[in-house]
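Participant: Curious how this folds, go ahead:
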Amino acid sequence: MVHSHTDPSEIPDPDYLGFWAKQIFQPRKVAKFLDLDRRTIAKFSGIAPTSVRLDERIPRQARNWLIEVAALCDLVAQFFNGDARKTALWFQLRNPMLGDISPREMIRIGLHRKLSRFIVDALREGEGPTTGCTIATTSYGRGDQGCPRKGPVATKKPDKTADTDAGIGRPEGPASE
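Facilitator: Next up is the predicted model:
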């Protein structure tokens, strides 16, 4: 059995997504945020699916794996200034810089360490994990609205009205609002 309290050095500050409520790791919140099922958690933590619990008696292997995944989510949330909606969307949308699959799918197929390197490298370069390109026009309305212009791309197929001909999802000329 794993103690429910977490080593303070493991807790991100601030805890943007609420995964560490009252300094207690909340594995159920991580699984729900990324829509991870018990089979996925079991597969990547090396335990039987019937052993997966998402409460205070979570097996150590599953807890450790989910803490790694939660740390990735918090890094992206930090980039988006704690905006859980933008963070969730980034994990859901296909990303051409990641082989045209979503970050959430990368986690589900066992590529969370590759995703981690991608996120850390993008943050280290000062670009963040997304550009806000197609996201800015297809998900949040016209304009950047807090999304940067540089960095790896997170996209979904643009609708026919989105101005994406320039490849960056912003209109040419002055913005009309």
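Participant: contact partners of the longest helix along the chain?
Facilitator: Secondary structure assigned by DSSP state H gives helix 60-79 as the longest helix of the chain. Contact with helix 60-79 is made by 2, 10, 12, 15-17, 19, 25, 27, 30-31, 33-34, 36, 41-42, 44-47, 51-53, 58, 83-84, 87, 90-91, 103, 107, 112, 115-116, 119-120, 123, 128-130, as judged by C-beta atoms under 8 Å, 6 or more residues apart in numbering. Where you see a C-beta, it was placed from the backbone N, CA and C, and this is true even at glycine.
Participant: following that helix, which helix or strand shows up next?
Facilitator: helix 84-92 (DSSP states H and E).
Participant: Mind listing what's buried along that next one?
Facilitator: Neighbour counts over helix 84-92 (16 or more other C-beta atoms under 10 Å) mark Lys86, Thr87, Ala88, Leu89, Trp90, Phe91 as buried.
Participant: residue ranges with poor pLDDT in the chain?
Facilitator: Counting by pLDDT under 70, the chain contains low-confidence residues at 1-12, 127-177.
Participant: domains of it?
Facilitator: As assigned by automatic domain parsing, the chain contains the domains 1-81, 93-171.
Participant: any chance you could map the helices in this protein?
Facilitator: 27-34, 38-45, 60-79, 84-92, 103-108, 112-124, 133-138.
Participant: What separation do you get for Ile107 and Gly126?
Facilitator: Noted for Ile107: a distance of 24 Å to Gly126, by C-beta to C-beta, to the nearest Å.
Participant: Which one of these two is surrounded by more residues?
Facilitator: Neighbour count, other C-beta atoms under 10 Å: between Ile107 and Gly126, Ile107 has more, with 22 against 9.
Participant: Quick check: that one vs Leu93, distance?
Facilitator: 14 Å.
Participant: what's around the closest residue to Gly110 other than its chain neighbours, how many residues?
Facilitator: Leaving aside its sequence neighbours, Gly110 sits nearest to Phe44 (C-beta to C-beta, 6 or more residues apart in numbering; 5.7 Å). By the criterion of other C-beta under 10 Å, Phe44 has 20 neighbours.
Participant: go on, the one 3 residues further on?
Facilitator: A total of 19 residues lie near Ile47 under the criterion other C-beta under 10 Å.
Participant: Could you pull up the residues touching it?
Facilitator: Taking C-beta under 8 Å, 6+ apart as the test, what Ile47 contacts is Pro59, Gln61, Ala62.
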